[in-house]
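S.K.: Prediction below, plus the sequence it came from.
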Amino acid sequence: MRVNFFRGMRMRASRAILALVLVLAFVAVIGFVFSNTGIIPRVGDGAPESTASADIAEFTVAGGSMLPVLEDGQTIRVHMAAYESTPIAAGDIVLIEQPGDNGYLVKIVKAIPGDTLALSAQPGRESQVVVNGEALTNSEGEPYLLPENKAAMI
């Protein structure tokens, strides 16, 4: 009797490609956050607004991708030298400079180097992003679900 270990775990080629693209995009974002050029060395036009310390700068959130944690138009104070002495950790809110001077992104770190990142694909169901064996959740505590034949940036 032959047992096919992988029976039931086969993904169509399009799902495999989609899963690979999602994982590579997530890894690229995490890599960008951790590169020396990825963490913003300045805010706004290069000069922080009036603050009590030269290491503190103000930044205005544009867009709703961080709801409900940060709202569109909300002003945040950023400690620009925070990661000179402290490593970035999962759950940290970071600023990322977009290439070509296209502004900045405000994001939450979901995984760090050494974490295990996977995409759980179940036939006929939405796929979940899994970090260290736990389903990755958004700021509202809901899991990131990826419908079949869809791509998403998290």
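M.R.: Thanks, I have the structure now.
S.K.: Now do Gln122 against Pro147, distance only.
M.R.: 12 Å (C-beta to C-beta, to the nearest Å). The C-beta positions use only the backbone N, C-alpha and C, and glycine is treated the same way.
S.K.: do Gly91 as well
M.R.: Using C-beta to C-beta, Gly91 is found at 26 Å from Pro147.
S.K.: Show me where the protein has its helices.
M.R.: Counting by DSSP state H, the chain has helices at residues 13-34.
S.K.: Have a look at it and report the helix or strand with the lowest mean pLDDT.
M.R.: Sorting the helices and strands of the chain by mean pLDDT, DSSP states H and E puts helix 13-34 at the bottom, at a mean of 62.
S.K.: low pLDDT regions in the protein?
M.R.: Scanning the chain for pLDDT under 70 picks out the ranges 1-54, 151-154.
S.K.: Please enumerate the strands of it.
M.R.: Taking DSSP state E as the test, the strands found in the chain are 56-60, 75-79, 93-97, 104-108, 117-120, 127-131, 134-135, 145-146.
S.K.: what helices or strands is the last one leaning on?
M.R.: Contact partners of strand 145-146 among helices and strands, from 3 or more C-beta pairs under 8 Å, 6 or more residues apart in numbering; DSSP states H and E: strand 127-131.
S.K.: Mind doing that once more with 10 Å?
M.R.: When contacts are defined as 3 or more C-beta pairs under 10 Å, 6 or more residues apart in numbering; DSSP states H and E, strand 145-146 sits against helix 13-34, strand 127-131.
S.K.: ditto for the second one
M.R.: Where contact means 3+ C-beta pairs under 10 Å, 6+ apart, strand 75-79 is packed against strand 56-60, strand 93-97, strand 104-108.
S.K.: Would you format the ones you listed as a markdown table with mean neighbour count included?
M.R.: Shown next, in a markdown table, are these (neighbours: other C-beta atoms under 10 Å):
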| stretch | mean neighbour count |
| --- | --- |
| strand 56-60 | 16 |
| strand 93-97 | 17 |
| strand 104-108 | 18 |
